[in-house]
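Asks: Dropping a prediction and its sequence here:
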Amino acid sequence: MDIKDINIPILSKNIKEGETNKNIFESKGLLTINLISSPGSGKTTLLENIAPILNEQGFPCLVIEGDIATTRDAERINKKEIKCVQINTHGICHLESKMIRKAFEQLDMVNEKILFIENVGNLVCPAEFYLGEHEKIAILSVTEGEDKPEKYPLLFKESSCVLLTKVDLLPFLDLTEDIFISEIRKLNKKAPIFLMSKKDKSSYMEFIEWLIQKHLSIFGGER
Ligand SMILES: Nc1nc2c(ncn2[C@@H]2O[C@H](COP(=O)(O)OP(=O)(O)OP(=O)(O)O)[C@@H](O)[C@H]2O)c(=O)[nH]1
Ligand SMILES: [Mg+2]
């Protein structure tokens, strides 16, 4: 049997489950974001920094953490007093829609408006599995190198925005932000690209505003 013959039923079943998830999220007024990147590019750091600000701005968040092993990321998020549940995939390199539904049922949702899903650190498989999210977001840290978008194109082609992280480290590399931007643009002409660093909290604000505007455009209401 060809690998493609196995893949198609798995993927189409996952898409159906993803649609069920999306209906649930929409009925609850939750903008859902699927964060995808290599291991260590700064997904949890981003959430630690932006979730408290979104809360202050009237857009409280829920987080589902995906990792092969450990509850370390969920512990980091819980320390920020953000509701979070950890999925351990035990070797599977991506999250699937059914895992998300089970995890979501464990979250005690009250008035939250944004659900972040931190996918398993991997630039390949997570891009192929729809989870019911409104937006798929690629994160690339400058230390990974400018060639990664072209080498792992699906994620960068399909993402509705790209976050370039750890820009504080650019002075130590033979690379500039313009090089990264032109490499991303080869694959995706439209997606906004946000540059950010944990050393400069103001660098998160443009992306926070983008999230708020997405929520308002889907669910209406005012700030
Ligand atoms: N200098 C610098 N370091 C950063 C920045 N963002 C994250 N880091 C560091 O990068 C390391 C990995 O960050 P994480 O947020 O754990 O990365 P992750 O993508 O969640 O990793 P996995 O969940 O393992 O895939 C940590 O030591 C962070 O402190 C940044 O903007 N600048
Ligand atoms: Mg993490």
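Replies: That came through, no problem. Since the model is a prediction, treat every value here as computed from it, not as a measurement. Ligands and ions are numbered 1, 2, ... in the order given.

Asks: ok, residues contacting stretch 153-164?
Replies: 36, 46, 123-124, 126-128, 135-142, 149, 177, 180-181, 184, 187-188, 191-196, 207, 210 (C-beta atoms under 8 Å, 6 or more residues apart in numbering). Backbone N, C-alpha and C define where each C-beta goes, glycine included.

Asks: Narrow the residues you listed to those that are buried.
Replies: When neighbours are counted using 16 or more other C-beta atoms under 10 Å, the contacts of stretch 153-164 contain these buried positions: 36, 46, 123, 126-127, 135-142, 149, 180, 184, 187-188, 191, 193-196, 207, 210.

Asks: Sticking with whatever residue of the chain ends up closest to ligand 2, tell me its helix or strand.
Replies: When C-beta to the ion is the measure, the chain has its nearest residue to ligand 2 at residue 44, with 3.3 Å between them. Taking DSSP states H and E as the criterion, the element that holds residue 44 is helix 43-56.

Asks: For the host helix or strand of residue 102, which helices and strands make contact with it?
Replies: Under the criterion DSSP H and E, the helix or strand holding residue 102 is helix 97-105. Packed against helix 97-105, as judged by 3 or more C-beta pairs under 8 Å, 6 or more residues apart in numbering; DSSP states H and E, are the following elements: helix 3-27, strand 61-67, strand 83-88.
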